[in-house]
Structures are given as C-alpha cells and as structure tokens.
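Visitor: Have a look at this fold, sequence not included:
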C-alpha cells in the first residue's frame, strides 16, 4: 500500500478501526464509510482512533459507491476491507499467532464475510501445517458451501446483506480475490448456522460466561460452530480445533440476551 | 493442606470455585457455604465444578458458623478463604505470573477483602522486585488506611459486609494472618473508592469495552483505581502499574449499567 496518500475504506468493524489507527500512526487523515445503521459503539471506536466517519445507506452497493466517490473527490487511497493480497496477508497473521501458541491444531473455524480473514488464515496455516483443515463459519443463507462445491459464484449480484445479528459477517458473497483462494484451500463443508440467531447468541453467551471475553456476534458464530452437533459428528481426527474470535465490537449496553 | 479429607469453605466467588474444582481433581466431595443472596451464576459455577452448595444468611458470622457446623458434623477439612499461609501462597502466584510477563512494574493495585490475595501478591512481588509498591483497593468504608497507619485493628467485631456492588471485596476487615503481612509489605495509602458504586461500575465498563474482558465489580474497582485522579496525582515514579483483575464472577444477564 502507498504510505503517502490519505486513506478511505468501508467497514463498520475491525477493518475500519484498523485503518483509522494505522493512519493515525503515520500521521495521515483517514475516512471510514459505515452503514448509518451501524451500532453507536462501532462508530465511536472508529472516530476515537481518529478517522472521519462517513455514513451511507445500509447495503453493500452504497458502501462501495460512497467509498469510490470519496476516493475520487479527495484523491484518497482505497484500502479494501478484504479483497486485496496485502489485507489478506495481514489478516493471515492471526493464524501465525495461533499456531505459534498451539502448534498441533487439526482444524480452524473462521467467521467469514468477504473472505479476507479466512483466506489469510488458510494460506498461513496450511503453509505451516499442511494437514490442517480450515472451515468457514457463516450465518444462514450464505450459500458458500454450494459455491465451493460447484466452483461457481452462485450469489446474486450485486451482493447482499444477510439478515443476521452477526453484522461482522453479514455480506453474502465472498470477494473475487478471496473466492479462488477458498476454492483451493478451505474445506468445502461450511458451518452455516442452521436457523435463527439463537445459535450465535448462545455461542456469544458461552464465551462471555466461561472464557470471560467480550466478543461480537460474528465471533459467537464461530464458538457456536465449535460447540455444534455438526462439529461433534465430524471425522474423529478433528480433535483439536482452533476457533477464531474475530472481534469484540459489541454494544455492551444492548447485549442480545 | 491434608489431601485425604473432604473439604469445606465459605466463599461465593473464586475461592469457592477453586475449592470445588480442586476437590473434584482429587476425587473428593466438597462443601461450599455461600450467602443465600449470592448471584445465581456464582452458585451455578460452584455447583458446576462439583461442590455441594450450602446457603446461609448473608453476613460474615453466618458464613463462619455454618462452615464450622458442617466441618464438625461431617468431619471436613476447612480451607480458609484467605487467612492461611497456604492459601496466601497460592494467591501470590498471580504476582509471579504478572512479573514474569512484565518485569519492570512500579506498583500493583490489588482488590482487597480479607487480604489473602494482596498478602500473597505483596510477598511474591516484593521478593522478586523489592522496589515495587503494592496498594490495596477497596470499596468505601473499609477503614484499611487508618488501620495500616495506626497499626491497629480499628474495625468493629464481628466483621461486617460493606454496602457495595463489589461483592468480591465486601468484607470490611482483613484477617488476623493477613493484617500483619499488610502492615509490613503493603503501602499505607489505600485506594478506597470515594463514594458510591459509580466509580466501580465505570471501571468495569472500561475493561469490558476497551480490553474486551468480562470482569466482576471487585476487579472494576481495581481498574477504577488505576484510572483515578489519585493515581495520576501520585509520585511520578509510579509509571507502570499492574492492575489485578481478580475475577469474572459477573451475572451477564444483569450488568450494572
């Protein structure tokens, strides 16, 4: 990424905060486009890290368009939230850290939206430990398993938001850079939540209560997958499973239970 | 501690869970006396670790008496929650772990009830790093600073519970084993919360939001002390301060904000 241009991105979660923080570290302004429906605590966090917050309509097309308009108007550098090799490489460091601490994992569960995090994790983890299996976790309706099995992008265009409490993984389709990586490295089997948000909320609750960690709903989906009947019924060689808890962007004034 | 007798203790928090867990590890039954007003999640945690839960009236005398009655009736071994060298030594391992990770701390803030945790931490920390200062943190009304400065137990007997949200540190007086240790090793200055529970709640919120950790109110007091005006106005040589977050026994269905 160039380091001399101000930056713009769209994300209401970790990526927006990361761009805001990184920009401030190098003394550059940044602009983060967020859906106007995003939770107040997420907006506050992005602003607290020093970014200009720009609101848009809550759909993927509005995010991209607002971002592109800003980029042109202000001559900004666009930092894609997932569909770029550098961003994927950065997100892959989560797997380096995890395997550095627990080097004999059989599998990793990764909450998946645009697919940057799981792409980076799959590249890093399978390089270090080729036998490891990397599974995507998603809300209901993502269709990712069908796409991975058929090798085709079956998603409607333009991409849509799924109806889920897990707003960190609400994008239905993965990216054009990330999809081929997932086809090559991720398991075809996807941990798609079976029905409502209940499973995700129970996963969140479990991690709050037992691990004493404040996590967001997307991370709750990952915990739910680890605790699921599907996980238990899988190949018994999958005994040691890493669970990516992708963030804690949760409004602690409005926990979903 | 003998290892062949079933154990009894009184504690609604970490100590009760620890005794329950340790007993199960060695295959012995255990009995934990808790105030009947203790939060449901604490009772559930103690039972989940395999202990028999015995409820008593919510005051220190009832706890001791119920515990003693059970001990005699069932020929149990009493594991004191704080006033015993072995328990103090065990609690001191928190300082070993902390200084192992951050070896240049100038001070440590410790939520203080009966004084076991701060005694163990002071012994361990000052052995490793004699210049370190160990400060007690308490709810309003503990009178600990007066007692430390005068060298006398000024507390009313029998000991009372303070009116505080921080139920993990609600005992007014420290123990007879721990008080002399504190006189010798802890700072005379105590971080006693100035007024209501607001400061404690704000400390909890800060840790939930920024550190993404589920902590109990007693730990919130410690965070509040670290963020306080008093801390800022102290000796400028106290730059690197360790904060003991003593537990996460919090009812996540009823957070105090």
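Guide: Received the coordinates, thanks. Here the structure is a predicted model, which means the values were calculated and not measured.
Visitor: For the rest of this, base every contact and every neighbour count on C-alpha atoms.
Guide: Will do.
Visitor: what about stretch A:70-82, start to end distance?
Guide: 19 Å (C-alpha to C-alpha, to the nearest Å).
Visitor: ok, residue A:79 - contacts?
Guide: A:1, A:7, A:8, A:9, A:19 (C-alpha atoms under 8 Å, 6 or more residues apart in numbering or on different chains).
Visitor: Which secondary structure element of chain A has the lowest mean pLDDT?
Guide: Lowest on mean pLDDT, DSSP states H and E among the helices and strands of chain A sits helix A:40-48, with a mean of 89.
Visitor: Does chain B have contacts with it?
Guide: No. Contact of helix A:40-48 with chain B (C-alpha under 8 Å from any C-alpha of the partner chain) is absent, the minimum separation being 9.1 Å.
Visitor: Measure how far that helix is from the centre of its chain, please.
Guide: 18 Å (C-alpha atoms, centre = their mean, to the nearest Å).
Visitor: Parallel or antiparallel, list what pairs with the helix or strand following that helix.
Guide: Counting by DSSP states H and E, the next helix or strand C-terminal to helix A:40-48 is strand A:52-56. Paired neighbours of strand A:52-56 in the sheet (DSSP bridges): strand A:30-35 (parallel).
Visitor: At the contact with chain B, which residues of chain A appear?
Guide: Going by C-alpha under 8 Å from any C-alpha, the residues of chain A near chain B are A:208, A:209, A:212, A:213, A:214, A:215, A:248, A:252, A:253, A:257.
Visitor: Show me which of the residues you listed is closest to residue B:86.
Guide: residue A:212 (26.9 Å; C-alpha to C-alpha).
Visitor: So that closest one sits against residue B:208, correct?
Guide: No. In this structure residue A:212 lies outside contact range of residue B:208 using C-alpha atoms under 8 Å: 9.6 Å.
Visitor: which residues are in contact with both of the two?
Guide: Joint contacts of residue A:212 and residue B:208 (C-alpha under 8 Å, 6+ apart) are B:214, B:215.
Visitor: Would you map the strands across chain A?
Guide: Ranges of strands within chain A are A:7-10, A:30-35, A:52-56, A:77-78, A:107-111, A:133-138, A:191-192, A:241-243, based on DSSP state E.
Visitor: deepest of those strands, which one?
Guide: For these, the largest average neighbour count (mean count of other C-alpha atoms under 10 Å in any protein chain shown) is found in strand A:7-10, namely a mean of 28.
Visitor: what lines up beside it in the sheet?
Guide: strand A:30-35 (parallel), strand A:77-78 (parallel).
Visitor: I'd like those strands as CSV, with distance to residue B:178 and mean pLDDT appended.
Guide: Below are the strands paired with strand A:7-10 laid out as CSV (distance: least, C-alpha to C-alpha, whole Å; pLDDT from 0 to 100):
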stretch, distance to residue B:178, mean pLDDT
strand A:30-35, 53, 95
strand A:77-78, 60, 94
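Visitor: okay if I get those as JSON lines plus distance to residue B:77?
Guide: As requested, the strands paired with strand A:7-10 are exported to JSON lines (distance: least, C-alpha to C-alpha, whole Å):
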{"stretch": "strand A:30-35", "distance to residue B:77": "60"}
{"stretch": "strand A:77-78", "distance to residue B:77": "66"}
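Visitor: of all those, which lies closest to residue B:168?
Guide: strand A:30-35 (40.6 Å).
Visitor: The closest one relative to helix A:40-48, how many degrees between them?
Guide: Between strand A:30-35 and helix A:40-48, the angle comes out at 170 degrees (axes from the mean of the first three to the mean of the last three C-alpha atoms, to 10 degrees).
Visitor: which residues touch strand A:30-35?
Guide: By C-alpha under 8 Å, 6+ apart, strand A:30-35 touches A:6-12, A:16, A:19-20, A:23-24, A:43, A:46, A:50-59, A:63, A:66-67.
Visitor: cool, stretch A:154-172 as well?
Guide: By C-alpha under 8 Å, 6+ apart, stretch A:154-172 touches A:12-13, A:59-61, A:111-114, A:138-143, A:146-147, A:173, A:196-197, A:200, A:216-218, A:221.
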